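Colleague: Quick one, what's the 3D model for this:
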Amino acid sequence: CTNSDGDYPITIGNTTFEESPEKVAVVSPNVADIIDCIGYNTKVTLVSNQVLTESYKDTEKCGNNIDPDVDKIVKSGATVLLADDNISDGTIKKLEDKDIKVVQFHYGNTKDDVKTTYASIGSILQGKEGKEKAESACELLFKYLGTYKDQSKRKNSQKFMMYVSGTGPIATVIEESWYN
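Modeller: Alright, predicted model coming up:
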């Protein structure tokens, strides 16, 4: 782990980080996409089978996102596991007993909730610099989504469906459908 310019310690939820983790396991597809978006995917040593982002296709898998393989996570040298709120309590206990910090992310319904998730992930991975990169990426995402929202209002249809893929630098529209 490294401590860059006094950015640490930081506390996210009930977990305190004394320094930036060098190896992280990620069992949340959403968190994996955010990490990829902000450019820290080289810290990711393991991902769950549910992580389908192209940049992680050669990353070792550690099972599913509810009960990942604790032994694989320990052997990987990961000091942090980033997860959704569906990871089992038993898995969390086993990992914490092995001194692996587990942070669960709960996805809210507001822009502020999304911003907090991005900022927390960035802060964990690289302190102040990571937080700033994550906040910039989040603002860019909102800008792109706002552009699509504006475009949808200009069409003659009242209904708009857009499929978004997280495999691009932020998000890539893979299909647009206008219907009445």
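Colleague: got the contact list for Asp67?
Modeller: Residues in contact with Asp67 (CB atoms under 8 Å, 6 or more residues apart in numbering) are 87-88, 90-91. From N, CA and C alone the C-beta is placed, and that goes for glycine too.
Colleague: Could you do Cys62 as well?
Modeller: Counted by CB under 8 Å, 6+ apart, Cys62 has contacts 25, 27, 46-48, 68-69, 72-73, 76.
Colleague: Give me the buried subset of the contacts of Asp67.
Modeller: Listed as buried from the contacts of Asp67 are 87, 91; burial here means 16 or more other CB atoms under 10 Å.
Colleague: For Gly63, give its distance to Glu96.
Modeller: Counting by CB to CB, to the nearest Å, the gap from Gly63 to Glu96 is 18 Å.
Colleague: what does Thr45 give?
Modeller: The value you get for Thr45 to Glu96, if CB to CB is used, is 18 Å.
Colleague: Could you do Leu125 as well?
Modeller: Distance from Leu125 to Glu96, by CB to CB: 20 Å.
Colleague: Please identify which of the two sits among more neighbours.
Modeller: More crowded of Leu125 and Glu96, by other CB atoms under 10 Å: Leu125, with 27 against 13.
Colleague: Do I have it right that Pro21 meets Ile124?
Modeller: Yes. Counting by CB atoms under 8 Å, Pro21 does reach Ile124; the two are 7.1 Å apart.
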